[in-house]
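Q: Return a 3D structure for these sequence lines:
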Amino acid sequence: MGMPRPERPVEGADGVAERFAVELRALRQDAGLPYRNLSARTGYSPSTLSAAAAGHRLPILDVAVAYATACGGDEQEWTAKWQAAALSAATERLDDASATADRAPYRGLTSFTTADADLYFGREDLVAELVTRATSRPVTVVLGASGVGKSSLLAAGVVPALPRDVHAVVTTPCGRLRERLAEELTGHSTCVLVVDQLEEVFTHYPAEERAALVEGLLELADRSDGRVRLLLSVRADFYGRCAEHPRLAAALRNDQVLVAPMTDEELQAAVAGPATAVGLSVERALLAAVVRDARGQAGCRCSRTQCWRPGADAGVTCSRWPASPRPAGSVVRWCRRPRPRTPSSTRPRSG
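A: Below is the predicted model:
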């Protein structure tokens with residue numbers, strides 16, 4: 001068995017998240033634990049634990065304490081360390097002129113963008129897999145139900161996690177895909193072309209144009225000597241339509257990644273992580289309620305927003321969560337209850 005790859009160095013040591021990561025890494029090094037063994041002790045995946053000590057952002061409390069105690073750290077001591085780090089991080093954000101005390105931790109029904117990477121939690125395992133595929137395979141197809149979070153996964157998870165020497169272009173199907181890529185490639189040795197909502201080729205283009213666009217996309221990966229790699233997302237209900245194009249069907253057969261509804265662990269991180277990132281606490285009762293009601297469902301993003309109000313307090317609470325118990329599917333119905341109409345030009349996309 002080969003030696004595990006060394007961790008990338010923590011970039012900088014001035015930030016709160018970076019200093020916390022350095023301490024976690026030192027504890028693991030002293031314990032002599034590979035991430036695989038640490039995962040067995042904590043119940044968290046190796047990629048989740050690795051991300052906790054990456055220094056990009058402060059991990060959620062449960063992951064941080066599990067990491068530390070599995071390496072021989074004291075639970076109370078590391079809980080206090082994390083609380084102090086979270087307070088320092090919140091203070092730093094309040095001192096930043098570009099930030100406000102009322103920054104929303106959640107995006108509601110709006111998809112995450114690359115600028116929201118510090119608020120994107122819960123899909124660390126999938127992000128790690130897609131980064132590996134996107135930098136080593138010509139074509140990867142991301143498949144999932146409408147509303148499961150494919151757009152957010154790609155924009156706020158995968159793109160910010162790509163190596164620094166890899167240039168990313170994020171777009172949706174349009175007639176200038178190849179021309180734009182040629183422009184973006186100037187000065188870059190490697191490019192990952194992320195084409196989100198590929199199903200639009202079936203809804204916006206006649207058959208001949210659609211075939212030309214799909215073939216043109218796949219040819220980019222074939223003829224670029226490895227310079228261009230494709231990361232395509234498509235709604236699961238268009239899976240059968242993809243079979244109309246043999247090369248796209250081959251990509252689905254060999255290189256597809258399914259985005260499933262979040263697991264309990266991922267749901268907890270998706271609620272607690274963004275709150276921690278903006279200096280808020282989350283009631284444990286809320287975590288339990290979200291996991292109970294959102295388990296196995298897609299499209300529940302705005303429910304978290306309802307549990308936070310700007311300027312109210314320093315917590316995300318159950319006070320605005322509908323009374324329990326609720327039957328399966330109620331979270332989705334509650335999130336999709338009638339809201340004021342938004343002009344179509346500004347209506348958020350469903351990711």
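
Q: name the helices or strands packed onto the longest helix along the chain?
A: The residue-count maximum for a helix in the chain (DSSP state H) belongs to helix 75-95. With contacts taken as 3 or more CB pairs under 8 Å, 6 or more residues apart in numbering; DSSP states H and E, helix 75-95 sits against helix 16-31, helix 61-70, helix 264-277. To be clear about C-beta, it is placed using only N, CA and C from the backbone, and glycine gets the same treatment.

Q: Could you list the buried residues of the helix or strand just after that helix?
A: Following helix 75-95 in sequence order, the next helix or strand is helix 124-134 (DSSP states H and E). Within helix 124-134, the residues scored as buried using 16 or more other CB atoms under 10 Å are 124, 125, 126, 127, 128, 130, 131, 133, 134.

Q: From the rest of the structure, what touches helix 124-134?
A: 45, 47-48, 50-51, 140, 142, 153-154, 157-158, 161-162, 192, 229, 231, 255, 257, 259, 269 (CB atoms under 8 Å, 6 or more residues apart in numbering).

Q: returning to what we had before: export the buried residues of helix 124-134 to TSV and append columns for distance to residue 280.
A: Putting the buried residues of helix 124-134 into TSV (distance: CB to CB, whole Å) gives the following:
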residue	distance to residue 280
124	20
125	25
126	25
127	23
128	26
130	29
131	28
133	34
134	32
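
Q: Just put the residues you listed in CSV and tack on pLDDT.
A: Listed next are the buried residues of helix 124-134 as CSV, based on pLDDT from 0 to 100:
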residue, pLDDT
124, 88
125, 88
126, 91
127, 91
128, 89
130, 92
131, 91
133, 90
134, 90
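
Q: and which of those is nearest residue 79?
A: residue 124 (21.6 Å; CB to CB).

Q: Could you give the average pLDDT over the strand or helix carrying residue 201?
A: Taking DSSP H and E as the definition, residue 201 sits inside helix 200-204. Mean per-residue pLDDT for helix 200-204: 89.

Q: Report whether residue 140 is found in a strand, as I expect.
A: Yes - judged by DSSP: H, G, I helix; E, B strand; the rest coil, residue 140 forms part of a strand.

Q: Run through the bridge partners of it.
A: Here residue 140 sits in beta bridges with residue 231, going by DSSP bridges.

Q: need the contact list for it.
A: Here residue 140 is in contact with 130, 133, 134, 229, 230, 231, 232, 251, 255, 256, 257 (CB under 8 Å, 6+ apart).

Q: these two touch, right, the fifth one and residue 154?
A: I take that to be residue 230. No - using CB atoms under 8 Å, residue 230 makes no contact with residue 154, being 12.0 Å away.
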